[in-house]
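Asker: give the three-dimensional model of this entry:
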Amino acid sequence: MKSFLITLWLSVAGMLLQGLAAEPTPAERKEFVETKAKAEQGNAFAQYNLGLMYEYGSGVVKDEVEAYKWYLLSGAQGNANAKKGIEIIERVLTPSQRAEGQKIARETKL
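Answerer: So this is what the prediction gives:
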């Protein structure tokens, strides 16, 4: 009975947490779209900020591989914050995720 209650509690807690991951507000979405446009034009600061947005799901669905790609692109231009972001996110990515992020960064034409 105790394990059933624990399982039930964890299931309910999981559903509640999923509900907290709300859709982005119009302002968050607008900021994401504007930041992405600048990043795609080669702006290293915007690339770093876009990496943050993908890493934390701000204005967009969380995607750590995509975040890694943008950190790599920004870091390649010398952005020190992006280089720190790379170090941090590499700790949570699997080797295949790192390889995928590096590949899509190489293939990105800006």
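Asker: what count of nearby residues applies to residue 97?
Answerer: Residue 97 has 15 neighbouring residues, counting by other Cβ atoms under 10 Å. The C-beta positions use only the backbone N, C-alpha and C, and glycine is treated the same way.
Asker: could you pull out the strands for the chain?
Answerer: Secondary structure of the chain by DSSP state E: no strands are present.
Asker: so, low pLDDT: which residues of it?
Answerer: 1-21 (pLDDT under 70).
Asker: give me that answer again for 90
Answerer: When residues are selected by pLDDT under 90, those of the chain lie in 1-24, 109-110.
Asker: check contacts around residue 51.
Answerer: Residue 51 makes contact with 67-71, 74, 82, 85, according to Cβ atoms under 8 Å, 6 or more residues apart in numbering.
Asker: for the residues you listed, give me a markdown table that also has distance to residue 102 and neighbour count.
Answerer: Putting the contacts of residue 51 into a markdown table (distance: Cβ to Cβ, whole Å; neighbours: other Cβ atoms under 10 Å) gives the following:
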| residue | distance to residue 102 | neighbour count |
| --- | --- | --- |
| 67 | 13 | 24 |
| 68 | 8 | 26 |
| 69 | 8 | 24 |
| 70 | 12 | 30 |
| 71 | 11 | 30 |
| 74 | 14 | 28 |
| 82 | 14 | 24 |
| 85 | 14 | 22 |
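Asker: now, these that are in helices?
Answerer: The helices, defined by DSSP state H, take in 67-71, 74, 82, 85 from the contacts of residue 51.
Asker: distance to residue 100 added to these, as JSON lines?
Answerer: Listed next are the ones in helices among the contacts of residue 51 as JSON lines, based on distance: Cβ to Cβ, whole Å:
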{"residue": "67", "distance to residue 100": "12"}
{"residue": "68", "distance to residue 100": "8"}
{"residue": "69", "distance to residue 100": "9"}
{"residue": "70", "distance to residue 100": "14"}
{"residue": "71", "distance to residue 100": "14"}
{"residue": "74", "distance to residue 100": "18"}
{"residue": "82", "distance to residue 100": "18"}
{"residue": "85", "distance to residue 100": "17"}
